[in-house]
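>>> Fold the following.
(chains A and B)
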Amino acid sequence: DVIELTRYTSDTQESDRNKPTPKRRLKPEEETEEANYQEWCTNLLGSYSGNTVQVLQNFDYNRINMNLLQHIVCFICNNMEDGAILVFVPGWEEIRKLHQMIQSTQMSRSGSIKVIPLHSLMPTANQKEVFDRPAPGVRKIVIATNIAETSITIDDVVYVVDAGKIKIKGFEPEMNLSCLQPLWVSKANAKQRRGRAGRVQSGHCFHLYTKFRYELLLDSHPPEMLRTRLEELCLHIKLLKLGSIVPFVSKAIQHPSMEAITHAINTLKELNALDMNENLLPLGQHLARMPVEPQTGKMILFGAMFCCLDPILTVAASLSFKDAFSIPLGKESLADEARCRLAQETKSDHVMLINTFKGWEQSLKRGNNRTYCWDHFLSENTLRMLRDMKKQFTELLFNTGFLKTKSPKDPHANLNSDNLGLIRAVLCAGLYPNVAQITHVPTMKSSLNRKGSIIMVTKDDQKVYAHPKSVNVRQSFFESRWLVFYHKLKTSKVYIHDSTMVSPYALLFFGGDINIVMEDQTELVTVDDWIKFKAASSTAQLVKDLRQQLDRLLASKIIRPGATSWDISDAEGALMTAIADLITLADDDYASGFSMGGSIGKKPNQLEMSQFGEQY
DNA sequence: TTGTGGTGT
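Residues are numbered from 1 along each chain as shown, chains lettered A, B, ... in the order given. Prediction:
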């Protein structure tokens, strides 16, 4: 009933500003909903002013009405008793808009309000500013995502404004695609949001949707198990010896689709965690015991075996938890610049993360860590948590025998930690099969104008875009057109959030099955039948042989973990050195600007490969 | 041209 009161008052203020928006074409089920809605509005005519009903009739409920939001906030400020206001909106963009609208009002200029944006990626989320009582006569207005629904509780909130939308993550196994879409809140969300008001005194809640809409809301959103990847779940079922995966998962009250389960099982087979009969392989045993996704676990094991542990642990911790960047509203592009500085010219978000963490450690020694974090938009709190996670990972590796000490800084485990080429290859080992091929780069000019971004294809997707926060988004030259990535998410487009350029050698040694084929009278070596490189059959065969030896060696190390030998007088050391050298040289070759057609002047030196297609 | 929110002994 409070809803109805507010709607009445605010809509009268709203009506003259409400520009008519062109109605888009509706789907059949939307048309009947719309017809029902119009009828519902007409029935209100007895109880409400014609103006209110008219506004409601013209409302576009697919968009959040920012004007209405602002007007309600102003209405509370001007007409209602003291008390903080908490506004729920779906995401960053809405926080930004509303923040800007409110800051440009008269009451903001008079200093009678204090507006605080609240989002997990903004520094305000871990500052005490949000909890502070404002000075007398100043009204606190918090604009928040659903972070304020459960994780952050603000005691002095008296008024809650609920815009009615929430972002929910989903997963489509058929497309191998996660998506983040704004949806209507559920009745459960609505209740929870309402409950955030009036913790210390009686409160009020304003919902920006009609009773009509409320009746259509779901009681709650589908449980997480139905919307998420299931690799970890499947691995644990096997580790705990709970039998075959499909029958076990089917016992859940609301069980995930068959597609989602088989997709997870296939991914685990591809990683060599399960065999063809779903039996847990030795690698799977290790991965199941790690508190990270299987791919990240594999990256950690490879980091240990190839002795570039510390940097790889930085990446693993950042990917499985979150990166340490914390960006104030309005400083987005400054933060992008900081990230690009940290990445230098590596064309890698992951190497950027490594450099970021290294830089912080150095700043700690010099005692200027505060400045370092400030300059680069970093949360020192998060960096400390990442450091603790890295420690935890090394303890696990120590317990399973992959390490001789419990320190991420173990000298032997970091023999190759300055070898960027090898680090890229280990990233490739962990992130595979998340590979994207660049099909388009912005021109120098459009890149400087901050227009245009790289466009890629993956095995599953026609077209994917680099996320604007990626250091690779506006690069106009890549020595290799292959990128590996961790996070792919569909929002307005399909975005790749983080990527690292890798050489063909990294893909050949650490990617999927390699084959030698003829296509259009050209000899090719392929990885999983879709990543293709031109290569003479003799050299391709050499790579294939080396790859087989490497796979055998790695399999035996997984079964009997131990520190890797780099002594070229024994078999293991000789092979590891040869492969590491090959990958390193290939990477140096890039750095000095040679094309892939160039030969490599060292042993094993018969390799001559060129990329499929020309350089940009 | 952009980032709902949590977990793991």
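>>> Tell me where the stretch 151-300 of chain A has strands.
Assigned by DSSP state E, counting those that start in this stretch, the strands in the stretch 151-300 of chain A fall at A:157-162, A:165-172, A:177-184, A:204-207.
>>> which residues are in contact with the shortest one?
Contact partners of strand A:204-207, identified using CB atoms under 8 Å, 6 or more residues apart in numbering, comprise A:2-3, A:6, A:72, A:76, A:80, A:158-162, A:164, A:190, A:193-194, A:197-198, A:214. (Glycine included, C-beta is placed from N, CA and C.)
>>> Restricting to C-alpha, output it in CSV.
Extracted C-alpha coordinates of strand A:204-207, given in CSV (Å, rounded to 0.1, in the frame of the first residue of the first chain):
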residue,chain,number,x,y,z
HIS,A,204,9.4,2.2,4.3
CYS,A,205,9.9,0.4,1.1
PHE,A,206,9.1,1.6,-2.4
HIS,A,207,8.9,-0.9,-5.3
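>>> quick one: that strand to chain centroid distance?
Here strand A:204-207 shows a centroid-to-chain-centroid distance of 32 Å under the convention CA atoms, centre = their mean, to the nearest Å.
>>> can you tell me the residue of the stretch 301-450 of chain A closest to DNA strand B?
In the stretch 301-450 of chain A, the residue that lies nearest DNA strand B is A:Arg450 (2.8 Å; CB to the nearest atom of the strand).
>>> if I look at the closest residue to that residue other than its chain neighbours, how far off is A:Leu427?
Sequence neighbours aside, A:Arg474 is the residue nearest to A:Arg450 in space, at 6.9 Å (criterion: CB to CB, 6 or more residues apart in numbering). Using CB to CB, to the nearest Å, one gets 21 Å for the distance from A:Arg474 to A:Leu427.
>>> Could you do A:Lys469 as well?
18 Å.
>>> And those two? Which one has more around it.
Using other CB atoms under 10 Å as the criterion, A:Lys469 and A:Leu427 rank with A:Leu427 on top: 31 against 18.
>>> got the contact list for the helix or strand that one falls within?
A:Leu427 is located in helix A:420-431, with elements delineated by DSSP states H and E. Here helix A:420-431 makes contact (CB under 8 Å, 6+ apart) with A:295-296, A:298-300, A:302-303, A:306, A:308, A:311-312, A:315-316, A:346, A:348, A:350-351, A:354, A:416-417, A:484-486, A:500-503, A:505-507, A:509-511, A:580, A:583-588.
>>> Report the residue ranges of every domain in chain A.
Domains of chain A are assigned by automatic domain parsing as A:2-164+A:186-221, A:231-289, A:290-431, A:503-616.
>>> A:Leu177: which of those domains is closest?
domain A:231-289 (10.9 Å; CB to CB).
>>> Figure out how far the closest one is from the centre of its chain.
Mean C-alpha position of domain A:231-289 versus that of the full chain (CA atoms, centre = their mean) differs by 23 Å.
>>> distance between the ends of it?
One end of domain A:231-289 to the other measures 13 Å (CA to CA, to the nearest Å).
>>> Can you name the residue of the stretch 51-200 of chain A nearest DNA strand B?
Counting by CB to the nearest atom of the strand, the stretch 51-200 of chain A gets nearest to DNA strand B through A:Gly91 (2.6 Å).
>>> For that residue, grab the count of nearby residues.
Using other CB under 10 Å, A:Gly91 has 16 neighbouring residues.
>>> Could you grab the helix/strand/coil label for the residue of the stretch 301-450 of chain A closest to DNA strand B?
With DSSP: H, G, I helix; E, B strand; the rest coil as the basis, A:Arg450 sits in coil.
>>> where does the stretch 201-350 of chain A dip in pLDDT?
Nowhere does the stretch 201-350 of chain A drop to pLDDT under 70.
>>> Then the stretch 1-150 of chain A?
In the stretch 1-150 of chain A, residues with pLDDT under 70: A:1-27.
>>> Now A:Met175: closest residue in space that isn't a chain neighbour?
Nearest one to A:Met175, counting by CB to CB, 6+ apart, is A:Asp460 at 6.4 Å.
>>> no wait, A:Asn176
Excluding its sequence neighbours, the residue lying closest to A:Asn176 (CB to CB, 6+ apart) is A:Asp460, at 4.6 Å.
>>> What of A:Ser476?
Counting by CB to CB, 6+ apart, A:Ser476 lies nearest to A:Ser447, which is 4.6 Å off, once chain neighbours are set aside.
>>> so what pLDDT did the one you found get?
We have a pLDDT of 70 for A:Ser447.
>>> same question, the one 5 residues further on
You'll see A:Gly452 listed with a pLDDT of 82.
>>> Which residues are in contact with it?
A:442-443, A:446, A:474.
>>> Most widely separated two among those?
A:Thr443 and A:Arg474 (10.5 Å).
>>> if you count what's nearby, which of these two comes out ahead?
A:Arg474 (21 against 11).
>>> and A:Leu86, how many neighbours does it have?
With neighbours defined by other CB under 10 Å, the count for A:Leu86 comes to 28.
>>> That one is in contact with A:Arg199, isn't it?
No: using CB atoms under 8 Å, A:Leu86 makes no contact with A:Arg199, being 10.5 Å away.
>>> which bits of the stretch 101-250 of chain A sit near DNA strand B?
A:119-121, A:125, A:145-147, A:151, A:166-169, A:180, A:224, A:232 (CB under 7 Å from any atom of the strand).
>>> now do 6 Å
Counting by CB under 6 Å from any atom of the strand, the residues of the stretch 101-250 of chain A close to DNA strand B are A:119-121, A:145-147, A:151, A:167-169, A:180, A:224, A:232.
>>> what do you get for the stretch 301-450 of chain A?
Where proximity means CB under 6 Å from any atom of the strand, the interface of the stretch 301-450 of chain A facing DNA strand B comprises A:320, A:327, A:332-333, A:450.
>>> filter the residues you listed to the buried ones?
A:320, A:327 (16 or more other CB atoms under 10 Å).
>>> Now secondary structure and distance to A:Arg289 too, for the residues of the stretch 301-450 of chain A next to DNA strand B, in TSV please.
Compiled in TSV, those are given as follows (DSSP: H, G, I helix; E, B strand; the rest coil; distance: CB to CB, whole Å):
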residue	secondary structure	distance to A:Arg289
A:Ser320	helix	14
A:Ile327	coil	35
A:Glu332	helix	39
A:Ser333	helix	42
A:Arg450	coil	45
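>>> got the residues of the stretch 301-450 of chain A next to DNA strand B as TSV, with distance to A:Val543 columns?
Shown next, in TSV, are these (distance: CB to CB, whole Å):
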residue	distance to A:Val543
A:Ser320	32
A:Ile327	43
A:Glu332	43
A:Ser333	43
A:Arg450	40
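>>> My read is that A:Tyr261 contacts A:Glu231, right?
Actually, residue A:261 is Ile rather than Tyr. No: with contact defined as CB under 8 Å, A:Ile261 does not reach A:Glu231; the gap is 10.4 Å.
>>> in stretch A:67-86, what's buried?
Buried residues in stretch A:67-86, counted by 16+ other CB under 10 Å: A:68-77, A:83-86.
>>> same deal with stretch A:202-218?
Across stretch A:202-218, burial judged by 16+ other CB under 10 Å covers A:203-210, A:212-213, A:217.
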